[in-house]
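In: Compute the structure for the input listed below.
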Amino acid sequence: MYDFSFFKLIVGFLILICISIIIFLILREYWCWYWKINARKKIMEEQTEMLHFICNYIKKKPDAIGITLNSFHTDEEIKKRFPKVTHRVVQLMGLYSNPSNDSNKIMQLLKGDPVCVIKTETVRIVNFTSIEEVEWSFVEIEDSKQGWCYSSNLRSLNYETRVPSVTRTTTQHHGI
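Out: Below is the predicted model of the structure:
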């Protein structure tokens, strides 16, 4: 006679696998609901779609949204528009009223913004463990606003031109 125990074992194993898959799917749905994973995924997909729309809109009409995309303009185009320009901003940074992060922030400078460097200053910053010397530049932007920013975040348009330097040293104390 033929023994059906092997057949029963295979059928039992297949039923166990099917039940395990069903339990896994139910628990997965529960955990996705509990941790709001599906909701987060949906929000991120909407954000991605909006960002694609904004990027495409900016590429088609860069000045329509009220910002100038100076990083897309060549140095020659910038020079025609703002003849006094000597440098461009290479990284997002603030324009301050004094050469210190503790002073009032006048505005935010964007990457590619043209600036005219008037003078530079070395400022000594004293932290808990070290003393650093940071170079600040006094700059003028297109709309005639003036302020201080980090010199390291500026790129010269004409590498031959020298920026006037001031040897005054100011000491800032942080955390004392």
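In: after the longest helix belonging to the chain, next one along is what?
Out: Counting residues, the longest helix found in the chain (DSSP state H) is helix 5-34. Remark: after helix 5-34, the chain's next helix or strand is helix 37-60, criterion DSSP states H and E.
In: who's in contact with whichever helix or strand comes after that next one?
Out: Once the chain leaves helix 37-60, the next helix or strand it forms, by DSSP H and E, is helix 75-81. For helix 75-81, the external contacting residues (C-beta atoms under 8 Å, 6 or more residues apart in numbering) are N70, V85, R88, P114, E142, L157. (Each C-beta comes from the backbone N, C-alpha and C, glycine too.)
In: which other helices and strands contact the host helix or strand of the third one?
Out: When you say that, I think you mean R88. Following DSSP H and E, one finds R88 within strand 87-89. Under the contact criterion of 3 or more C-beta pairs under 8 Å, 6 or more residues apart in numbering; DSSP states H and E, strand 87-89 touches strand 114-126, strand 154-156.
In: swap the cut-off to 10 Å and go again
Out: strand 105-109, strand 114-126, strand 131-141, strand 146-150, strand 154-156 (3 or more C-beta pairs under 10 Å, 6 or more residues apart in numbering; DSSP states H and E).
In: so where's this structure shaky on pLDDT?
Out: The model of the chain has pLDDT under 70 over residues 1-3, 59-73, 158-176.
In: care to break it down by domain?
Out: 5-60, 70-173 (automatic domain parsing).
In: any idea which of those is most buried?
Out: Most buried of those, by mean neighbour count (mean count of other C-beta atoms under 10 Å): domain 70-173, with a mean of 15.
In: hang on, the earlier thing: okay if I get the helices and strands packed on strand 87-89 as JSON lines plus distance to D75?
Out: Listed next are the helices and strands packed on strand 87-89 as JSON lines, based on distance: least, C-beta to C-beta, whole Å:
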{"stretch": "strand 105-109", "distance to D75": "17"}
{"stretch": "strand 114-126", "distance to D75": "9"}
{"stretch": "strand 131-141", "distance to D75": "16"}
{"stretch": "strand 146-150", "distance to D75": "19"}
{"stretch": "strand 154-156", "distance to D75": "9"}
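In: Quick check: bridge partners of P114?
Out: R88 (DSSP bridges).
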